[in-house]
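Engineer: Got a predicted structure plus its sequence, pasted below:
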Amino acid sequence: MSSLSGPPSTEEAKAAFLLRRGSLAAVCGSVAALVVPVALLLLSSDLVQGLSVDSPGVLSVESVLVVAGAVLLLVALFLYRRAFVHLKHVDRRLRPVSLLCLLGSVGAVALVVAGAVVAGGSSGVTGCLSGHPTHALGCLRSKDAAIGYLSVAGFWLLWLGAAAVATGLVVSGRHFHRPALTAGGAFYGVLAAVIIVPFVALLVPLPSVAGVLSVAPCVALVAPSLVYAGARQSLDRVGESGSKPY
């Protein structure tokens, strides 16, 4: 395994450039898919009178935001994967990481399709989104089996992609000697652990699933923000050495 001790190569410059772009797409996707929908849920349940989480307007807005966020996260996953491809010659572990990111992209597409169907579906299907996280998938399967199973398959493939991104960023951070990149990978690992909680709760009773899931929006913003900082530091070093990503 090599490290960035000498002047950065063109491949390394391209990887840093793609990591920065991917992190920006991930921040925007996290805001659309997690932060704003969670804020709407909190407002509708606690603060705004007359605004119900079960109302068609709120469910429609949440569905559209989740679909838009999933598209942006798909873009981020694609850019992260391209960055790892440029670096796979310096660490063999990035080769399986690139493959898993590709599977994650397939999962993201599946979730986009399922989300689009739910967004334009009947009130019975969209009503599943307002239920408890551990019951939502069972509700979807009961209303539309195809969408329910597509959502489950998409989630697991996307989870594999998220775990691969976490591993790839830790490896990249060590290669570039950028603690921010390594920390970003660690936070993506935390996010992967958090979002799997509803599925674990289907098998094992957990005391507070909602409490664990409430940290997901914060982690989803911190992780790509750290990646952006680390990638920008790497690009600054590239600029000082005279290498250009493109």
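Structural biologist: Perfect, thanks for sending it. Keep in mind that what you see is a predicted model, and the values were worked out from it rather than measured. Numbers count the residues shown, from 1 in each chain.
Engineer: any chance you could map the helices in this protein?
Structural biologist: In the chain, the helices defined using DSSP state H lie at 10-30, 36-42, 56-87, 94-119, 123-126, 133-143, 145-176, 179-195, 197-203, 209-213, 216-241.
Engineer: For residue 223, which residues are in contact?
Structural biologist: 26, 184, 187, 188, 190, 191 (C-beta atoms under 8 Å, 6 or more residues apart in numbering). Backbone N, C-alpha and C define where each C-beta goes, glycine included.
Engineer: ok, now residue 84?
Structural biologist: By C-beta under 8 Å, 6+ apart, the neighbours of residue 84 are 15, 94, 97, 98, 101, 168, 172.
Engineer: ok, of the residues you listed, which one's closest to residue 109?
Structural biologist: Within the contacts of residue 84, distances to residue 109 taken as C-beta to C-beta reach their minimum at residue 101, with 13.0 Å.
Engineer: Touching, that closest one and residue 83? I think so.
Structural biologist: No: the criterion here is C-beta atoms under 8 Å, and residue 101 misses it with residue 83 at 9.6 Å.
Engineer: Overlap of the contact sets of the two?
Structural biologist: Common neighbours of residue 101 and residue 83, using C-beta under 8 Å, 6+ apart, are residue 168.
Engineer: Counting neighbours, go ahead and name the busier of the two.
Structural biologist: Just comparing residue 101 and residue 83: by other C-beta atoms under 10 Å the higher neighbour count belongs to residue 83, 31 against 27.
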